[in-house]
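> no sequence on hand, only this structure:
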């Protein structure tokens, strides 16, 4: 509830310890507290319907008896709101409330409460007009077309049982038991069973980057179904499984079944499945797809360079809560992606400290860039129009298959979700502005091995 004559509060800003964190102590004198309470009682009294009293004439005690929770909540909200106004009046702009004490309305005046805040940092806006950016020339080689064609064939490959010795690339059903000095180690590596005992697992023969035990993948080559052998695997001193560090394990390996990877012929059926009439047409389509993807990557590279350049100014204090939130979000995304790729969870977490350090470093750059883009948006009066939201909704529908109306309904229920989208779109428009005002030079594309990533 907003009143034209706000109460007076005394706000003291103190440093908390973290660079962009402050503690605001808000003090409300007894007279001001009574004045605010009277305003709320007057508003509640006008709306209340209490038998025996005209609107606005019911006594304070009866209003508290009937609507005490509402009155107290309104009073707390108004005091907190006035506290935040007092903070901004001192030139401090909160970006995140880290901790908030609710005003204790039962305490003897003056009433005091504390707010712990992460605040907007101060920095000099860098020069962002006339950047020099670099756009890689788009090139698609015949070798890349052939590689993509090979991948398409692999995706439609069949794995057929064969009665012959295992060849590199075959998929082999096998079992193995690991022992040290004749004693099974399965119990010692129970949290990492792939290093102990496996029953009827599938391995790619000769796979040098096997997520399991490369020595087993190598030993499979040349074996036949029904055969067994002994395989020694020496583990390094810094192996992620402590029990295995510096040890050599002997694995008893048995082959159960061999399946060969059979690539489809590029015949009429293969072409029909891909909705083309000839190999040449398929290659043209692959080339166009690669060129389209490269153009998108090219534009993304230019935009990323623009952000890096404006964010290359000297570091400034960043709100810890925003950095940590960004860090955790990146870590969770990384774990999801790795799990979707089939990477074992224990392997994902085998180097958590380095993973966290990398994610935090990237998060700091992201938060820094966001503050700079937001400041440019403010200076350039960049706004989000209805058309921007419409384009976003169209893109959302195409990418997710969900009706745009569903997202609109979510925005109605969660205004912060809408504000996050608007902020995202505003920053994207700022980056477009940077690119439009930049000088762009064409450069040779990165080597093929870098593009492959």
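Structure received. Remember, predicted model here, so these are calculated numbers, not experimental data. Residues are numbered from 1 along each chain as shown.

> tell me the SS of residue 338?
The three-state label given to residue 338 by DSSP: H, G, I helix; E, B strand; the rest coil is helix.

> please report how far it lies from residue 284.
35 Å (C-beta to C-beta, to the nearest Å). The way it works is simple: take the backbone N, C-alpha and C, and place the C-beta from them, glycine included.

> repeat that for residue 141.
In terms of C-beta to C-beta, residue 141 sits 15 Å off from residue 284.

> same question for residue 157.
Taking C-beta to C-beta, one finds residue 157 at 23 Å from residue 284.

> what's the answer for residue 166, then?
Residue 166 is 38 Å from residue 284, by C-beta to C-beta.

> so which of these two has more stuff around it?
residue 166 (25 against 13; other C-beta atoms under 10 Å).

> mind listing what the more buried one touches?
Contact analysis of residue 166 by C-beta atoms under 8 Å, 6 or more residues apart in numbering lists 172, 205, 220-224, 255, 258.

> out of these, grab the one that's most surrounded.
Most surrounded of these: other C-beta under 10 Å gives residue 220, at 27 neighbours.

> quick check on the residue nearest to it when sequence neighbours are not counted: phi, psi?
Excluding the flanking residues, the one nearest residue 220 by C-beta to C-beta, 6 or more residues apart in numbering is residue 205, at 4.2 Å. Main-chain torsions, residue 205, degrees, to the nearest 10: phi -60, psi 130.

> one more: residue 377?
phi -60, psi -40.

> residues touching it, list them.
Residue 377 touches 426-427, 429-430, counting by C-beta under 8 Å, 6+ apart.

> okay, domains of the protein per the record?
10-119, 158-262, 271-451 (automatic domain parsing).

> nearest to residue 132, out of these?
Ranking these by their distance to residue 132 (criterion: C-beta to C-beta) puts domain 271-451 first, at 5.1 Å.

> any idea how far that closest one is from the chain center?
Centre-to-centre, domain 271-451 and its host chain are 10 Å apart (C-alpha atoms, centre = their mean, to the nearest Å).

> low-scoring stretches of the chain, by residue?
The chain contains residues with pLDDT under 70 at 1-5, 446-453.

> all helices of it, in order?
30-47, 60-89, 142-155, 214-220, 268-273, 279-310, 320-340, 345-348, 352-380, 386-400, 404-413, 415-436, 448-451 (DSSP state H).

> so residue 290 touches residue 143, yeah?
No: using C-beta atoms under 8 Å, residue 290 is not in contact with residue 143; the gap is 11.2 Å.

> more neighbours: which of those two?
residue 290 (18 against 9).

> and for the spatially closest residue to that one that is not a sequence neighbour, the neighbour number?
Distances taken as C-beta to C-beta, 6+ apart place residue 140 nearest to residue 290, at 4.6 Å, with adjacent residues excluded. Residues lying near residue 140 (other C-beta under 10 Å) number 18.

> ok, now which ones touch residue 140?
Residue 140 is in contact with 287, 290-291, 294, counting by C-beta under 8 Å, 6+ apart.

> again, but for residue 334
So residue 334 contacts 348, 355, 359 (C-beta under 8 Å, 6+ apart).

> most neighbours, which of the residues you listed?
Busiest of these [other C-beta under 10 Å] is residue 359, holding 19 neighbours.

> state the distance from it to residue 339.
According to C-beta to C-beta, residue 359 stands 16 Å off from residue 339.

> and if you look at residue 256?
Look at residue 256 and residue 339: by C-beta to C-beta, they are 28 Å apart.

> likewise residue 295?
31 Å.

> kindly report the same for residue 148.
Separation of residue 148 from residue 339 (C-beta to C-beta) stands at 26 Å.

> these two: which is more packed in?
For residue 148 versus residue 339, the count of surrounding residues by other C-beta under 10 Å is larger for residue 148: 18 against 12.

> ok, now which ones touch the closest residue to that one other than its chain neighbours?
Leaving aside its chain neighbours, residue 148 sits nearest to residue 286 (4.9 Å; criterion: C-beta to C-beta, 6+ apart). The contact partners of residue 286, by C-beta under 8 Å, 6+ apart, come to 145, 148-149, 152.

> separate out the buried members of the residues you listed.
Buried residues within these, counting neighbours by 16 or more other C-beta atoms under 10 Å: 145, 148, 152.

> same list, those residues, but as JSON lines with distance to residue 41 please.
Shown next, in JSON lines, are the buried ones among the contacts of residue 286 (distance: C-beta to C-beta, whole Å):
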{"residue": "145", "distance to residue 41": "78"}
{"residue": "148", "distance to residue 41": "74"}
{"residue": "152", "distance to residue 41": "75"}
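
> which one of these is nearest to residue 246?
Closest to residue 246, out of all of the buried ones among the contacts of residue 286 and judged by C-beta to C-beta, is residue 148, at 43.5 Å.

> go ahead and confirm that closest one touches residue 290.
Yes: with contacts defined as C-beta under 8 Å, residue 148 counts as touching residue 290 at a distance of 6.7 Å.

> where is the longest strand in this protein?
strand 248-262 (DSSP state E).

> buried ones in that one, by neighbour count?
249-251, 253-255, 258-260.

> re the thing from before, which one of the helices of the chain lies nearest to residue 228?
Once the helices of the chain are compared by C-beta to C-beta, helix 214-220 is nearest, at 10.6 Å.

> got a list of contacts for the closest one?
Contacts of helix 214-220 (C-beta under 8 Å, 6+ apart): 166, 170, 172, 174, 176, 203-208, 210, 229, 231-233, 251, 253, 255.
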